[in-house]
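Trainee: pasting the sequence and the predicted model now:
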Amino acid sequence: MCSGSCFQHCISLLKGCKSLKNLTQIQAYASKTGLHNHRFILGQLLLLSSVSIADAIEHACRLFSHIPSPDAFMYNTLIRGLSESQAPRHSLLLYAQMRRRFLLPDSFSFAFILKAAANSRSLHTGTQLHCQALALGLDTHLFVRTTLVSMYAECGEIHHAHKAFDETPQPNIVTWNAIVTACFRCDDVEGAESLFDRMPWRNLTSWNLMLAGYMKAGKLEQARTTFKAMPPQKDPVSWSTMIVGFAHSGCSDEAFGFFRESHKMGTRPNGVSLTGVLSACAQTGAFEFGKILHCYIQKAGYDHIVSVSNALLDTYAKCGNIDMAGLVFHWMMEKKSIVSWTSMIAALAMHGHGEEAIQLFHEMEGSAVRPDGITFISVLYACSHAGLIEQGSEHFSKMIEIYGIEPTVEHYGCMVDLYGRAGLLDRAYELVMGMSVEPNTVIWRTLLGACSIHGNVLLAEQVKERLSELDPNNSGDHVLLSNIYAVAGEWSNVAAVRRSMTKQKIKKTPGWSTIEVEKVVYSFIAGDGPNGVTEEALEKLREIMLKLKLEGYVPEIGSVLHDIEEEEKEDAVSRHSEKLAVAFGLARLCEGSMIRIVKNLRVCKDCHTVMKLISKVYGREIVVRDRSRFHLFRQGSCSCRDYW
DNA sequence: GCGATCCTTT
């Protein structure tokens, strides 16, 4: 018993529908008023769940499966939704079903299904679909043509993309934008520039895609220049492209700057700009700023966006706060994506909680989310940092045999680290020699690091030789080898390495550390000239060292590069950037608050000892994030159990 | 009654 007013009411409900919960209520209403089989209503429900509402695609599939004989509109809608989903290939199956039922695909169908081919990077499928469109006379349709241009580019066939564009009789602005994007996709920056110059019209998207293209190509200055040159009416995409681009290239200050600037210009942050600025916080360890962003995200409701919550989780983890990372993870409830699981496993691993990381991985195996190769990198990393050798080997085999994931050089890197760090250098070397992919510099460098920990001079020399072939100018490798000689007391070899470094004009990568005090990030560089904060830190450091020596501290100078006088060596170690940062923190941060430091290189043995002592003598908790993990110093010991 | 091009975390 459905009246016209019920129908009208249902339509107005559909117009205001914003969430899945909302949609379910409307479905219940439709059912109650006998409208649940009304084809128009069904079509709108399908459109909402497939396209408009995030993460509702499964609901859409269920709805679709109950529709007796779906029409072309319904097929197109679900194909569209699936083509943007995690599994774009499913939409190809649906397209096949549509054809089996003798429903004629139209220009809409091809625009959506070609997108699925693009998203699954399947040139074969894309080409076949192109042929079918041709047979149906739909390949000249402007919307189809534009999608063809981007499909070919996405599948790496730039020539076909150009051909599709050149054969378009009257390309419009969107077609032009598509071909410029296509050039950037295929790393042809000059091609993109020359087409951009020849464009008969430009809209905001044209400018935005230039920004994105430059950013992706690592041409940061060109992006900045373009940003200045474009019309002043920027949109949230323009701003987020800049923020994400700089953050991605490691230029956190620039990312923060653009974020603040966009705020000043009255542009509200969006999900994308928030992930960008959070990633900048994660890089620099800006914990306080991260917390402020968290408040804003919750208040404005951005925590429903999975990528934002994931970025927040990662920020807390990389700022040393594993508990907050865990809370964000749990708040995500059933919305956890593969990235959320992987990030949380990595977070636990970074903090040395290897057993918990593996436990979480097992929990993940029981969930609906299937682990991928990146998840296994986190798992193996967890094993290597916690010294779980057998667990690591088992998971490595499991990945290949049960999950059918081919190991990449990153997986081997974790395994070499696992064996090498544990002192099983032969097993590590054996693995490297039997790798199914060519070992790269990272692999050899990991092995060299293991030689350094375990003082294996012979293997180190062999490994360094391979590194010199692949990457002769890397300062870290020279420094590591020279440290190995130094520890072994082979001073003539130390001197030889130093001479060759001078001859090849190789400079040591300067170590830096950062610390956030009252939402300002201060950075310290080893051997930096005098400036305000360095002076302040040095003065405090002298006081600390004196106190520690009274407690029986003896400097460890094994990691000093050259054979110099003992006192001089001590001086060099005592100015390491992390010591300056911790001293600055002790001087400036209020009593009882945690000291958080981020360092670009691995923390040295002496600094590690000093941190442990400070945590005991001064009764302070110190968190140091170095190049590879976290160290939590508390009451004289470190969370890494001196295994790093 | 849907459409095509730009920014998303591990």
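Mentor: Cool, the structure landed.

Trainee: show me what whatever residue of the stretch 451-600 of chain A ends up closest to DNA strand B is bridged to.
Mentor: In the stretch 451-600 of chain A, the residue that lies nearest DNA strand B is residue A:598 (15.0 Å; CB to the nearest atom of the strand). (Each C-beta comes from the backbone N, C-alpha and C, glycine too.) Bridge pairing for residue A:598 (DSSP bridges) gives the partners residue A:514, residue A:625.

Trainee: which residues touch it?
Mentor: A:284, A:285, A:513, A:514, A:515, A:624, A:625 (CB atoms under 8 Å, 6 or more residues apart in numbering).

Trainee: tell me the two of the residues you listed that are most distant?
Mentor: A:284 and A:624 (14.1 Å; CB to CB).

Trainee: those two: which is more packed in?
Mentor: Neighbours were counted for residue A:284 and for residue A:624 using other CB atoms under 10 Å; residue A:624 has more, 26 against 21.

Trainee: test my guess that the more buried one contacts residue A:633.
Mentor: Yes - using CB atoms under 8 Å, residue A:624 makes contact with residue A:633 at a distance of 7.2 Å.

Trainee: any common contacting residues for those two?
Mentor: With CB under 8 Å, 6+ apart, residue A:624 and residue A:633 have common neighbours residue A:611.

Trainee: any low-confidence regions in chain A?
Mentor: Within chain A, the stretches with pLDDT under 70 are A:1-3, A:527-530, A:557-573.

Trainee: could you redo the last one with a cut-off of 50?
Mentor: Filtered on pLDDT under 50, chain A yields the residue ranges A:1, A:561-564.

Trainee: count the residues that sit near the residue in it that DNA strand B sits nearest to.
Mentor: With distances taken as CB to the nearest atom of the strand, chain A approaches DNA strand B most closely at residue A:43, which sits 1.7 Å away. Around residue A:43 there are 17 other residues, counting by other CB under 10 Å.

Trainee: next, the buried residues of the helix or strand containing it.
Mentor: Following DSSP states H and E, one finds residue A:43 within helix A:39-47. Neighbour-count burial for helix A:39-47 flags A:41, A:42, A:43, A:44, A:45, A:46, A:47 (criterion: 16 or more other CB atoms under 10 Å).

Trainee: give the contact list for the spatially closest residue to residue A:144 that is not a sequence neighbour.
Mentor: Excluding its sequence neighbours, the residue lying closest to residue A:144 (CB to CB, 6 or more residues apart in numbering) is residue A:110, at 4.7 Å. Applying CB under 8 Å, 6+ apart to residue A:110 gives the contacts A:129, A:132, A:133, A:138, A:141, A:144, A:147.

Trainee: quick one: contacts for residue A:417?
Mentor: Residue A:417 neighbours (CB under 8 Å, 6+ apart): A:381, A:384, A:446, A:449, A:450.

Trainee: surely the last one is in a helix?
Mentor: Yes - note on residue A:450: a helix contains this position according to DSSP: H, G, I helix; E, B strand; the rest coil.

Trainee: how about the nearest residue to it, chain neighbours excluded?
Mentor: residue A:420 (2.7 Å).

Trainee: highest neighbour count among the contacts of residue A:417?
Mentor: Among the contacts of residue A:417, the one with the most neighbours (other CB under 10 Å) is residue A:384, at 27 neighbours.

Trainee: what comes into contact with the top helix by length along chain A?
Mentor: Longest helix in chain A by number of residues (criterion: DSSP state H): helix A:532-550. When contacts are defined by CB under 8 Å, 6+ apart, helix A:532-550 is touched by residues A:522, A:524, A:528, A:553, A:574-575, A:579-581, A:583-584, A:586-587, A:610, A:613-614, A:617.

Trainee: one more pass at 6 Å, please.
Mentor: A:522, A:528, A:579, A:580, A:583, A:584, A:586, A:587, A:613 (CB atoms under 6 Å, 6 or more residues apart in numbering).

Trainee: residue A:368: which of the contacts of residue A:417 is nearest?
Mentor: residue A:381 (23.9 Å).

Trainee: for that closest one, which three-state class applies?
Mentor: helix.

Trainee: pretty sure it is touching residue A:349, no?
Mentor: Yes - counting by CB atoms under 6 Å, residue A:349 is a contact partner of residue A:381 at 5.0 Å.

Trainee: what's near enough to touch residue A:71?
Mentor: Applying CB under 6 Å, 6+ apart, we find residue A:71 in contact with no residue.

Trainee: what packs against the one helix or strand residue A:359 maps to?
Mentor: Assigned by DSSP H and E, residue A:359 belongs to helix A:354-365. Helix A:354-365 sits against helix A:338-350, helix A:373-386, with contacts defined as 3 or more CB pairs under 6 Å, 6 or more residues apart in numbering; DSSP states H and E.

Trainee: now the ones you listed as TSV including distance to DNA strand B?
Mentor: Shown next, in TSV, are those (distance: least, CB to the nearest atom of the strand, whole Å):
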stretch	distance to DNA strand B
helix A:338-350	3
helix A:373-386	4
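
Trainee: what angle do helix A:338-350 and the helix holding residue A:359 make with each other?
Mentor: 160 degrees (axes from the mean of the first three to the mean of the last three CA atoms, to 10 degrees).

Trainee: reformat the helices and strands packed on helix A:354-365 as TSV; add distance to residue A:275.
Mentor: As requested, the helices and strands packed on helix A:354-365 are exported to TSV (distance: least, CB to CB, whole Å):
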stretch	distance to residue A:275
helix A:338-350	11
helix A:373-386	17
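
Trainee: let's verify residue A:601: helix, strand, or coil?
Mentor: Following three-state DSSP, residue A:601 is assigned to coil.

Trainee: for it, which non-adjacent residue is closest in space?
Mentor: residue A:511 (4.8 Å).

Trainee: show me the contacts for that neighbour.
Mentor: With CB under 6 Å, 6+ apart, residue A:511 has these contacts: A:526, A:577, A:601.

Trainee: neighbour-wise, which of the residues you listed leads?
Mentor: That'd be residue A:577 among the contacts of residue A:511, by other CB under 10 Å, with 26 neighbours.

Trainee: and residue A:69, its phi and psi?
Mentor: phi -130, psi 90 (degrees, to the nearest 10).

Trainee: what's the burial count for it?
Mentor: Residues near residue A:69, counting by other CB under 10 Å: 8.

Trainee: ok, the nearest residue to it once chain neighbours are set aside to residue A:451 distance?
Mentor: The shortest distance from residue A:69 to any non-neighbouring residue, by CB to CB, 6+ apart, is to residue A:101 (7.7 Å). Note on residue A:101: its distance to residue A:451, by CB to CB, to the nearest Å, is 65 Å.

Trainee: re the thing from before, output the buried residues of helix A:39-47 as a markdown table; include the columns distance to residue A:319.
Mentor: Output for these, formatted as a markdown table (distance: CB to CB, whole Å):
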| residue | distance to residue A:319 |
| --- | --- |
| A:41 | 49 |
| A:42 | 48 |
| A:43 | 47 |
| A:44 | 45 |
| A:45 | 43 |
| A:46 | 43 |
| A:47 | 41 |
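
Trainee: can you list the residues of the stretch 51-200 of chain A near DNA strand B?
Mentor: A:51, A:71-74, A:76-77, A:80, A:106-108, A:110-112, A:115, A:141-144, A:146-147, A:150, A:172-175, A:177-178, A:181 (CB under 7 Å from any atom of the strand).

Trainee: and those residues, which are buried?
Mentor: A:51, A:73-74, A:76-77, A:80, A:107-108, A:110-112, A:115, A:141-144, A:146-147, A:150, A:175, A:177-178, A:181.

Trainee: tell me which of those fall in helices.
Mentor: Counting by DSSP H, those contribute A:73-74, A:76-77, A:80, A:107-108, A:110-112, A:115, A:142-144, A:146-147, A:150, A:175, A:177-178, A:181 to helices.

Trainee: show me what contacts the residue nearest to residue A:81 when sequence neighbours are not counted?
Mentor: Using CB to CB, 6+ apart and skipping the chain neighbours, the partner closest in space to residue A:81 is residue A:50 (2.8 Å). Residue A:50 makes contacts with A:60, A:77, A:78, A:81, as judged by CB under 6 Å, 6+ apart.
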